[in-house]
Every structure is written in C-alpha cells, then in structure tokens.
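K.L.:
Sequence and computational prediction follow.
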Amino acid sequence: MNRRMPQRDHDQDDELVQDEYYVPTARSARAPRPPQRERDNGEGARPPRRRKQRRAWPWLLLGCAGGIVVLLLAGGIALFIALRSATGGNLPGLPGSIATTNYTQSGTVPLTFTTLSLLQINDAVGNVTVTVDASATAPTLTYVKRVKATSSAAAHTEFSKMTVQTSSLGNTALTVKANVPSQNVFSQHNDAIDLTLTLPQSAFPAAATPPFALSATVSIGNIAVTGASGLLNLTDQFGNVTVNQATLDDGSHVQTNSGNVIFSGSINTTPAAGNTSPLYKLQSETGNITATLPANTNVTLDANTNLGKISSDFPISVTKSAGGASYYGPLLSNGGQQPAAVLTLDVSTGNVTIHQG
C-alpha cells in the first residue's frame, strides 16, 4: 500500500524560502523581507518589469539649441565690432552712444640736409608718401594728424599725445618717426599720422657709392614712393605699397602682408659689390602684384601664386597647378642664356600681372 506524502501548506513554503535566502547574523536586527513569489491568478506568472529607458532626443535638442545660441552670440559680437569700426565708436540708437567727429591738425618739420644717402621712415598708423621732385629746391616734410573725438578740446588733447620726430646723422642720413598712442587689437585706430616727404633731385649724387637707400615701415596705412632710385626696402602690414618711376638696385624688397603691390619702373641689373646674382623681390601674402617693366628687362623671372593666376605681356609659359600658377625662367628670349639678375614676384593668395611699359 502506497503511503501518501503529507501536503505542505503555504506557511511551510514561506519558511523554506526564508531559510534559503536569509542567514541571520549577530549584527542583523531584523530579517529582510523575503522575495515575493509570483502570484498565479490563473493567467500565468506576471512578466518581469521592463526597465524604463531614457530617451536621447531631448539631449540632442538641448545640444543643438546651445550651439545655435553660441552662434547667435558670436554673430552679434562680430556685428557690434563691425558697426563700431564703421562709425568710429558711434552707434546711433544705442544707449550710451557718443557721437564723434573727425579732426585734423597739419604741420611742417624743418629739414636742413643737402645730400641724402640713407632715409628711414617708421609710421605705426598712417600713410607715408615719398616723392623725388626735380622742380623742388629744398626738402620738405609735412604731416597731418587725424583723430576722432567728441569735441575740439578732446581732439587737441589727443593731438598733444602724437609726435613726429626727426634725427640726422651728419648731413647724409635722416630718420623720421611718427608716434601715436598705443592701441590694442580692439581699438578703432582713430589716431593716425600721415607723412609726406618731398626731396629735390639735387639731394642725390649721380654716381653715389653705395647707392641711396630708403627703408619705410608701416603697420596700418599705405606707402607710396615716386621717382626714387636705389635700394628700396618697403614693408607694410595692412595696406598697399605703390612704387612709380623708380629704379630698383640690388637687394630691393617691397612687401605687404595684406594689400596690393604696384610697381612701375626699371631694374638695375648691375650686381652690388661682391655679389654675382642681383636679387629683387615684390611680395604680398594676401593681395595682387602688378609689375610694369621696360620691354628690354633682362632678368630671370620667379613668379608664383598659391591661389590665383599669372598673366603677362611678355611671352612666358606659365605652369598652372591646383588653384595656383608659377613660372621660373628668362623674361626675355635670350637664345638659352640665363640672365644673372633674379626678379621674384611672390603671392600667397592673389594674382600676378606683368605689363610691358
């Protein structure tokens, strides 16, 4: 006869479950609740709860909105600076805006030299003009101070901070320096000094050794030289450099960082003492170079632009590259003979144009 096993009630089951999951310890004050059994209501066990997942799209929208706000702020700042530059700090319609007016003050600096072999000019902000005039009888140096101020009194106060200084070494060397109050990158460069120097042709001996040397440096402004012959070293950071009716001697270098270089004149291909290869260079980082040369200019042309084109009235064969162009070779057809002098026309972004004059 088979004996039936006694049926366990639910209380016993709970005790077994409790014994299985709970081991009392001395530090336990009360037992944790045992895991609940899945209830069986006739429909089967309850499915386990699914963990609620976080959606990513709200964060993506928040990131995009933040990026738009940053772009709007940057655009607003750029627009404010542009408006302030265009109006000289006067922004009509904005609270606290103060109207400014352009004021100028002109003057003359006396010069006493009779001959000149070295001329150095330094102007931080302003235009520099040097002219050799055959009809002039004496050298003259004039200046124009330019400011933007809210009143005449404020303008005169600013004028007093701006100076034009000259110094000479004997009777043959002259240095000219224009000083304006220091300005940072966010300044409007409202203060500027324009220099105009006129020199008589008699100030330059016909066979001077070494030849006349002109050095001019400008940070913001244009440089214009007319009628000068010799060793020209002209450097501009932001502005155009123009040289007309000039003859360049060995070692001349005309350059600007941002602006155009325009040259119209001739090149003295006679090498300097101890040099067998005369070098001349016209250079612009961002801008165009235009050179007008006599039809008999016998030089090796080294022309290059990284982004732009080269066009020439002389019969040269330009090599085009991705975005740019270059040429290295004689400017004239000399039956294969390589000229001694080298003229370099170098542009990073811009065009090179060569005319026959």
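P.N.:
Great, that's in hand.

K.L.:
give me the low-pLDDT residue ranges for this protein?
P.N.:
Along the chain, segments meeting pLDDT under 70 span 1-98, 182-189, 207-208, 272-275, 335-336.

K.L.:
tell me the domain boundaries of it?
P.N.:
64-98, 101-356 (automatic domain parsing).

K.L.:
And the helices in the stretch 51-200 of the chain?
P.N.:
57-87, 152-159 (DSSP state H, counting those that start in this stretch).

K.L.:
Tell me the buried residues in the last one?
P.N.:
With burial defined by 16 or more other C-beta atoms under 10 Å, the residues of helix 152-159 counted as buried are 155, 158-159. Placement of C-beta: from N, CA and C, glycine included.

K.L.:
what does it rub up against?
P.N.:
By C-beta atoms under 8 Å, 6 or more residues apart in numbering, the residues outside helix 152-159 that reach it are 101, 103, 105, 145, 147, 149, 181, 191.

K.L.:
are any of these buried, and which?
P.N.:
Buried among the contacts of helix 152-159 (16+ other C-beta under 10 Å): 103, 105, 145, 147, 149, 191.

K.L.:
What about these, which are in strands?
P.N.:
103, 105, 145, 147, 149 (DSSP state E).

K.L.:
got the CA coordinates for stretch 294-306 in PDB?
P.N.:
Output of stretch 294-306 as PDB, limited to C-alpha atoms (Å, rounded to 0.1, in the frame of the first residue of the first chain):
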ATOM      1  CA  PRO A 294      60.500  98.000 -69.800                       C
ATOM      2  CA  ALA A 295      60.400  95.800 -72.800                       C
ATOM      3  CA  ASN A 296      64.200  95.100 -72.600                       C
ATOM      4  CA  THR A 297      64.200  94.000 -68.900                       C
ATOM      5  CA  ASN A 298      66.700  91.100 -68.900                       C
ATOM      6  CA  VAL A 299      66.000  89.100 -65.700                       C
ATOM      7  CA  THR A 300      65.100  85.700 -64.600                       C
ATOM      8  CA  LEU A 301      61.500  85.800 -63.500                       C
ATOM      9  CA  ASP A 302      60.500  83.700 -60.500                       C
ATOM     10  CA  ALA A 303      56.700  84.200 -60.300                       C
ATOM     11  CA  ASN A 304      54.400  82.200 -58.000                       C
ATOM     12  CA  THR A 305      50.900  82.300 -56.600                       C
ATOM     13  CA  ASN A 306      49.400  79.600 -54.400                       C
END
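
K.L.:
Tell me which residues are up against it.
P.N.:
So stretch 294-306 is in contact with 266-267, 269, 280, 310, 312, 314, 316, 318, 323-332, 334, 338-339, 341-352, 354, 356-357, going by C-beta under 8 Å, 6+ apart.

K.L.:
among those residues, which ones are buried?
P.N.:
266-267, 269, 280, 310, 312, 314, 316, 324-327, 330-332, 339, 341-352, 354.

K.L.:
In strands, which of these appear?
P.N.:
266-267, 280, 310, 312, 325-327, 330, 342-349, 352, 354.

K.L.:
What distance do you get for A322 to N288?
P.N.:
In this view, A322 and N288 are 20 Å apart by C-beta to C-beta, to the nearest Å.

K.L.:
Strands along the stretch 101-250 of the chain, start to end?
P.N.:
Under the criterion DSSP state E, counting those that start in this stretch, the stretch 101-250 of the chain carries strands at the ranges 101-109, 118-125, 128-133, 140-149, 163-169, 173-179, 192-200, 213-220, 223-226, 229-238, 241-248.

K.L.:
Turn the ones you listed into CSV, including distance to T305.
P.N.:
Below are those laid out as CSV (distance: least, C-beta to C-beta, whole Å):
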stretch, distance to T305
strand 101-109, 38
strand 118-125, 29
strand 128-133, 27
strand 140-149, 34
strand 163-169, 38
strand 173-179, 33
strand 192-200, 31
strand 213-220, 24
strand 223-226, 22
strand 229-238, 19
strand 241-248, 17
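
K.L.:
Alright, calling it a day.
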